[in-house]
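Asks: have a look at this prediction, sequence included:
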Amino acid sequence: MSSPNSSSPALAIGLIMATGTVLAGMDGTAKYLALEIPIVMVIWGRYFFHTVLTFTLYTVRTRSLVFLKARRPGLQFFRAAALFAATAFMYVAITRMQLADASSIQFLAPVLVTAFSGLVLGERVGPRRWMAVVFGFVGVLLVARPGSGVLGWTALLPLATAVLLAVYLIMTRIIHTKDDPAATTFYSTAVGAVVLSLAVPFYWQDITAFQWAVMVAMGAAGALGHFFLIKAFFLAEASMLAPFTYAQVVAAIVWGYVLFGDVPSAWTLAGAGVVIASGLYVWWRETLLRRAGH
């Protein structure tokens, strides 16, 4: 497997930005479905079809079940549980508070990743990276402009999402030397799919063919997005990639306009500019360091 020191950061950055685009689209479809069917069904569709599509793809490609072999099943389970809980908290949050408010709190995750990568992974996190992450978060706040209503107890839901996403991302980095990306991709949602398949019959309601299609598309987007994410964290340090996860906010603006006709305000465009600038700064800085032989 490639190590962060021997691989180009440009590919990892591109994968992270593609991840943001795809996952923002997935959240858009989840929001659409959550307005019409029980939230448990929405989460089930996201996990079930993600798992089925991943299983089918790897089985057809390898003609074996070798990708099911996890050398560190405990780490895989812990990582999958963190993602499952993060998804559940966030999807419940968007049914109880404005999506912009929930998203702004959720994007504390990159800040936490930067902190955790130094404490847990032993990566060197310099002041310039910290500044880029902080300015990226300022950009997110400009986009979301959370109101005073966020301060209620429901704000704990996306806050829990942020913590759990940070744990998930750090675990992705830890596990990159332990298991194959195929196994890591599959087990990301397999645990949640099993748990939700046992629970969803108690919340089931009939849905249309179009809603089924949206569910499948949502699962496919989740599978693709998380595969990109896993590959990116195999190629570069978590603290370097953290600012680029803010690209999902920019993608969310585009998807919001395409799916719901939401026109971004001047505040939103200003925040998106700050987000992009913070990511470009980290890329520029890393390029200089690599050229200098650091």
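Replies: Structure received.

Asks: could you verify my assumption that residue 104 touches residue 138?
Replies: No - with contact defined as CB atoms under 8 Å, residue 104 and residue 138 do not form a contacting pair (10.8 Å). Backbone N, C-alpha and C define where each C-beta goes, glycine included.

Asks: out of those two, which sits in the busier spot?
Replies: residue 104 (24 against 14; other CB atoms under 10 Å).

Asks: what sits up against stretch 239-248?
Replies: Residues external to stretch 239-248 that are found in contact with it (CB atoms under 8 Å, 6 or more residues apart in numbering): 9, 12-13, 16-17, 19-21, 23-24, 107, 109-111, 113-114, 117-118, 123, 125, 129, 132-133, 136-137, 139-140, 232-233, 275-276, 278-279, 281-283, 286.

Asks: quick check: end-to-end length of it?
Replies: 17 Å (CA to CA, to the nearest Å).

Asks: on that earlier part again, so which of the contacts of stretch 239-248 are in helices?
Replies: 9, 12-13, 16-17, 19-21, 23-24, 109-111, 113-114, 117-118, 129, 132-133, 136-137, 139-140, 232-233, 275-276, 278-279, 281-283, 286 (DSSP state H).

Asks: now residue 54: how far from residue 127?
Replies: Going from residue 54 to residue 127 by CB to CB, to the nearest Å gives 39 Å.

Asks: more neighbours: those two, which one.
Replies: Set side by side, residue 54 and residue 127 show more neighbours around residue 54, with 26 against 7, by other CB under 10 Å.

Asks: so the more buried one sits against residue 185, correct?
Replies: Yes - taking contacts as CB under 8 Å, residue 54 lies within contact range of residue 185: 5.7 Å.

Asks: contacts only, for residue 139.
Replies: Residue 139 neighbours (CB under 8 Å, 6+ apart): 246, 249, 271, 272, 273, 274, 275, 277, 278.

Asks: weed out the non-buried ones from these.
Replies: 246, 249, 271, 272, 274, 275, 278 (16 or more other CB atoms under 10 Å).

Asks: what distance do you get for the first one to residue 19?
Replies: Read it as residue 246. On the measure of CB to CB, residue 246 and residue 19 end up 12 Å apart.

Asks: if I look at residue 115, how far off is residue 70?
Replies: 28 Å.

Asks: if you could redo that for residue 51, that was the one I meant.
Replies: Counting by CB to CB, the gap from residue 51 to residue 70 is 14 Å.

Asks: likewise residue 234?
Replies: Following CB to CB, the distance that separates residue 234 from residue 70 is 16 Å.

Asks: all strands of this protein, in order?
Replies: Under the criterion DSSP state E, the chain carries no strands.

Asks: helices of that one, residue ranges please.
Replies: Assigned by DSSP H, the chain shows helices spanning 9-34, 39-62, 73-93, 99-106, 109-119, 127-144, 156-174, 181-199, 209-235, 238-241, 247-260, 266-291.

Asks: pick the most deeply packed of those.
Replies: Highest mean neighbour count among those (mean count of other CB atoms under 10 Å): helix 238-241, with a mean of 26.

Asks: contacts for stretch 217-232, please.
Replies: 11-13, 15-16, 18-19, 22-23, 25-26, 29-30, 33, 42, 45-54, 57, 169, 172, 176, 181, 184-185, 188-189, 241.

Asks: could you rerun that using 7 Å?
Replies: With CB atoms under 7 Å, 6 or more residues apart in numbering as the test, stretch 217-232 has contacts from 12, 15-16, 18-19, 22-23, 25-26, 29-30, 45-46, 48-50, 53-54, 172, 181, 184-185, 188-189, 241.

Asks: so how far is it from its chain's centroid?
Replies: 9 Å (CA atoms, centre = their mean, to the nearest Å).
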